[in-house]
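Participant: Build me a structure from this.
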Amino acid sequence: MQLLQKNTRFAAGILLVALLACCAVAALRVRTEIHARRVEIAMDYSDFAQLARSFDYKADAFLIALRRAGLTSLAVSEQLGSNLGNDGSTTVMTGAQILNGARLAPIADPLLARLAREKKLESRAVYLAIGRKSTYDRLRMQLPLHFMPKSIRILRAQRPWLIELHTQIDYFNGIGLGIPTSEILLAKRLGLLLIPRLQNDERFKAPQMNAELNGILALDPKVSTVIFFGLKNQVFGYPDHEKAAAELFRSHAFNFGTIEVYDPSQLQKGNNALAELIPGRTVRVQTVQKTELDRLSVPALVDRFMLGVRERNIRVIYLHPYPHRDKKLSIEATNVEIVHRLAKAIAADGMRLGTATPIPNYPGTNRLLVGIAALAVPSILVLLLGAFGIYRPSYAAIAYIATILLYVAGIATHRADLVRSLLALSGGLLFVVAAMLVYAPACADEPRANFLAQWWRSLRWSFVVIGTVLVGALVVVGLLSTPLAMEEIEPFRGVKLMLALPPLIALLLYVFDARFKAKVGRAADVLLAPVRAYHLIVIAALVGAGAVLLLRSGNTSDIGASHFELVVRQDLSTWLSVRPRFKQFLIGIPAAMLLPALALSHRRAIGWLCALGVGVGLGDAVDTFSHLHTPLLIAIFRIGNDFLVGAIVGAIGIALYRFVARRLPA
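Facilitator: Numbering: from 1, shown residues only. Here you go, the predicted model:
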């Protein structure tokens, strides 16, 4: 083994211990992910009620059918001031509107008429005439949370209740005034879990936030998950009272729902700060907006949600009513069918319906265990120094001491997440170098004359090179598998570099390291060589391809997939359950298989291009495990599918190369 030198064997021993620590973290993480498998299927009640009224469906019977199909939860939103009169029992008018109306017709309410005659009707005030006691009781509790007591005046304390509120109507319209009692009791009566959707008020402190939740819990204690909404797109406590909001979640048994977004600017303000204060209490929520529902078929909608549940740790499926018919089904039956398919798919995946289970704090986050795992980074560095012939005992001492000090400093300064990301990035890239060095003998031997013999040899080498870099992926798992990372609150900050640098590392090693026998010569000769037009074209094409790969990486890709690619992805997911990654089975593994199959005379001409492809595959292998919100078993299964499909593509590539090479002039 080229990495193992006599004077660096101590580093190999430390590396083995560190990798055992990484394996322990991985095993504990898998056990935790297996137990966090309860999923909620929730329906947005506001949109549901609109759909039911539009088609004259009986809302209770509709919800009962949905519950029987698998619906677990009802998401009910705070009523904004602008919507207060929607039920017909409450009238909201400014004093100016009442006075203007009096010029056309007498004021019906005798108290308001008397106030107008006595010129005691405030033109800038807002007047609430309330005909339902539950609404009046709710407003008596809600208004003091948002307005000063002197701004609120009870003009009549009997039906129809009358309240005078000194505020601007525009401001009043945007205020959240609690969840209607009837909606909370509806969820309770039908046996559905309750998902309150609350709006933040920046003046809220602990008493106001507790009052909001206690009013809901007094009516229905079966609150499963709290999800925030509002025009300002903020969570409770933002911007100054996140700690009070966190204490609210800690003192009750419900979850905080963080909504998955594809544009970082849409993330709710204070979302990550609140989640960081309550690790192990956050669940990921996925929804499809109403505008996008028009473009999705029922199977595509179900597949999208299930992809999130399987591969992105989604634990709350948040449904808006599907507004179209599926084949011969009515719209009502179509929505019941969607819920039924989701429930069936969730059960088929070995999951359960019920209160969403977050990723809790688990023993794999133990600081000592993670600290031992971090020693893998200086250990592989020392082994590489020995492999390149530049090892010195002082270098090893500096590497180990610097790693320990950096890790301790991260904990002391509360930036452990940043330090772990830095160490994980360093470890991943160092194992890319190690993988290429282990792969070097494959590039020095003559290819086999027999196709099957060469295919088997190439496949073994692809296992070796990808398998080596997967040890680096194990280090990433050992360092970064925290609940916050697995809920995508605490991201791996080196993802882009993990994709961009491995191809460059692989190319430089292939060109300049003598072990690859590319016969390029000195670095100075390469840099001073004349550049031709086709060189520039090839370089521009490769830079463009690399930019596209980077822009397409991650869930928030700047370049969308084509229709053809989406169809291929869907087919691969159907056939293989977990879709393999294109960068791996179309580029990385085929390139790793093709390079040893090239004739020695061709390796200088196109071998460097294969080396770039190998680098793409190495970076992608680590990147697969860098998406911490993907369950670890799914990531392992995906790598297996990568090899399965990549072996077939690699065989085709080798066959095509041999077919063309036989027809080229000697």
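Participant: Can you check what pLDDT the model gives Gly544?
Facilitator: pLDDT for Gly544: 60.
Participant: per-domain residue ranges of this protein.
Facilitator: For the chain, automatic domain parsing gives the domain ranges 37-78+181-353, 82-173, 419-661.
Participant: out of the ones you listed, which comes closest to Gly364?
Facilitator: domain 419-661 (5.7 Å; CB to CB). C-beta coordinates here come from the backbone N, C-alpha and C atoms, glycine included.
Participant: Could you work out the end-to-end span of the closest one for me?
Facilitator: Start and end residues of domain 419-661 are separated by 50 Å (CA to CA, to the nearest Å).
Participant: Next: stretch 99-110.
Facilitator: In stretch 99-110, first residue to last residue: 14 Å (CA to CA).
Participant: can you start the count at 14 instead of 1 from here on
Facilitator: In the new numbering, first residue 14, that becomes stretch 112-123.
Participant: pull the CA atoms of stretch 392-403 into PDB?
Facilitator: The C-alpha trace of stretch 392-403 is given here as PDB (Å, rounded to 0.1, in the frame of the first residue of the first chain):
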ATOM      1  CA  SER A 392      -3.800  11.100  10.500                       C
ATOM      2  CA  ILE A 393      -4.500  10.900   6.700                       C
ATOM      3  CA  LEU A 394      -2.500  14.100   6.300                       C
ATOM      4  CA  VAL A 395       0.500  12.400   7.900                       C
ATOM      5  CA  LEU A 396       0.100   9.300   5.800                       C
ATOM      6  CA  LEU A 397       0.000  11.400   2.700                       C
ATOM      7  CA  LEU A 398       3.100  13.300   3.700                       C
ATOM      8  CA  GLY A 399       4.900  10.000   4.000                       C
ATOM      9  CA  ALA A 400       3.600   8.800   0.600                       C
ATOM     10  CA  PHE A 401       5.000  12.000  -1.000                       C
ATOM     11  CA  GLY A 402       8.300  11.600   0.800                       C
ATOM     12  CA  ILE A 403       8.100  14.900   2.800                       C
END
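Participant: Check which residues of that stretch are buried.
Facilitator: Residues 392-400 are the ones in stretch 392-403 that count as buried (16 or more other CB atoms under 10 Å).
Participant: where's it relative to the chain centroid, distance-wise?
Facilitator: Computed by CA atoms, centre = their mean, to the nearest Å, the chain-centroid distance of stretch 392-403 equals 36 Å.
Participant: I'd like to know which of the domains of the chain lies nearest to Gly384.
Facilitator: For Gly384, the closest of these is domain 432-674, at 9.7 Å, according to CB to CB.
Participant: Identify the residues contacting Ala39.
Facilitator: Applying CB atoms under 8 Å, 6 or more residues apart in numbering, we find Ala39 in contact with 377, 487, 490-491, 494, 645.
Participant: Tell me the secondary structure at the residue nearest in space to the middle of the chain.
Facilitator: Here the mean C-alpha position of the chain is nearest to the C-alpha of Glu501 (CA atoms, centre = their mean), at a distance of 5.0 Å. Counting by DSSP: H, G, I helix; E, B strand; the rest coil, the backbone at Glu501 sits in coil.
Participant: Now it: phi and psi?
Facilitator: The phi/psi pair for Glu501 (degrees, to the nearest 10) reads phi 60, psi 30.
Participant: now it: how far from Ala200?
Facilitator: Applying CB to CB, to the nearest Å, the value for Glu501 to Ala200 is 29 Å.
Participant: Work out the gap between stretch 109-122 and the centre of the chain.
Facilitator: Using CA atoms, centre = their mean, the offset of stretch 109-122 from its chain centre is 54 Å.
Participant: do the same with stretch 148-155
Facilitator: Distance of stretch 148-155 from its chain centroid, counting by CA atoms, centre = their mean, is 38 Å.
Participant: Stretch 374-383 too?
Facilitator: The chain centroid and the centroid of stretch 374-383 are separated by 22 Å, computed with CA atoms, centre = their mean.
Participant: which other residues reach it?
Facilitator: Contact with stretch 374-383 is made by 34, 37-39, 41-42, 44-45, 292-293, 424, 433, 491-492, 494-496, as judged by CB under 8 Å, 6+ apart.
Participant: Buried subset of those residues, written for PyMOL?
Facilitator: Selection command for PyMOL covering only the buried members of these, criterion 16+ other CB under 10 Å:
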select buried, resi 34+37+38+39+41+42+45+292+293+433+491+492+494+495+496
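Participant: buried ones in stretch 293-308?
Facilitator: Neighbour-count burial for stretch 293-308 [16+ other CB under 10 Å]: 293-301.
Participant: Please disregard the earlier target; I meant stretch 251-262.
Facilitator: So, applying 16+ other CB under 10 Å, buried residues of stretch 251-262: 251, 254-255, 257-262.
Participant: Return the member of those residues nearest to Lys245.
Facilitator: Nearest to Lys245 out of these is Tyr251 (CB to CB; 8.4 Å).
Participant: Relative to Val89, how far out is the nearest residue to the closest one once chain neighbours are set aside?
Facilitator: Nearest residue to Tyr251, sequence neighbours excluded (CB to CB, 6 or more residues apart in numbering): Gly283, at 3.3 Å. Counting by CB to CB, the gap from Gly283 to Val89 is 22 Å.
Participant: out of these two, which sits in the busier spot?
Facilitator: The neighbour count for Gly283 versus Val89, taken as other CB atoms under 10 Å, is higher for Val89 (25 against 21).
Participant: Am I right that that one is in a strand?
Facilitator: Yes - using three-state DSSP, the secondary structure at Val89 is a strand.
Participant: wouldn't it be in contact with Ser195 here?
Facilitator: No - at 9.7 Å, Val89 does not count as touching Ser195 under the criterion of CB atoms under 8 Å.
Participant: where does Leu443 fall, helix, sheet strand or coil?
Facilitator: Following three-state DSSP, Leu443 is assigned to helix.
Participant: With Gly191 instead?
Facilitator: With three-state DSSP as the basis, Gly191 sits in coil.
Participant: pLDDT at it, what is it?
Facilitator: Looking at Gly191, its pLDDT is 93.
Participant: For it, the count of nearby residues, please.
Facilitator: Using other CB under 10 Å, Gly191 has 23 neighbouring residues.
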